[in-house]
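Undergrad: Sequence and predicted structure below; questions after.
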Amino acid sequence: MSVCIKDLIQNMNLVIGCNIGCSYCYARNNCRRYHITDDFSVPEFYPGKLRS
């Protein structure tokens, strides 16, 4: 059984990505580890994380 980690993360930021490119970036390392987005250098908005 395959589980998508993106669907299980409840406290994910609404915007993922940064175009600064620091070599020590904790967020970019986690994004690579869990394959959250294809290109971290292009910020991506996740409207599904908003709650009403």
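TA: Thanks, I have the structure now.
Undergrad: and the closest residue in space to residue 43 that isn't next to it in sequence, what does it touch?
TA: Of all residues not flanking residue 43 in the chain, residue 17 sits nearest, at 3.6 Å (Cβ to Cβ, 6 or more residues apart in numbering). The C-beta positions use only the backbone N, C-alpha and C, and glycine is treated the same way. Taking Cβ atoms under 8 Å, 6 or more residues apart in numbering, we find residue 17 in contact with 31, 37, 39, 40, 41, 42, 43, 44.
Undergrad: number of nearby residues for the second one?
TA: Think residue 37. 17 (other Cβ atoms under 10 Å).
Undergrad: May I ask you to confirm that it is in contact with residue 31?
TA: Yes - the pair residue 37 / residue 31 is scored as a contact, 5.9 Å apart, by Cβ atoms under 8 Å.
Undergrad: quick revisit: just the contacts of residue 17: which are in strands?
TA: Cross-referencing the contacts of residue 17 against strands under DSSP state E gives residue 44.
Undergrad: As TSV, the contacts of residue 17 with distance to residue 22 would be great.
TA: Below are the contacts of residue 17 laid out as TSV (distance: Cβ to Cβ, whole Å):
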residue	distance to residue 22
31	13
37	17
39	16
40	11
41	11
42	16
43	15
44	18
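Undergrad: and the contacts of residue 17, which are buried?
TA: Buried members of these, scored by 16 or more other Cβ atoms under 10 Å, are 31, 37, 40.
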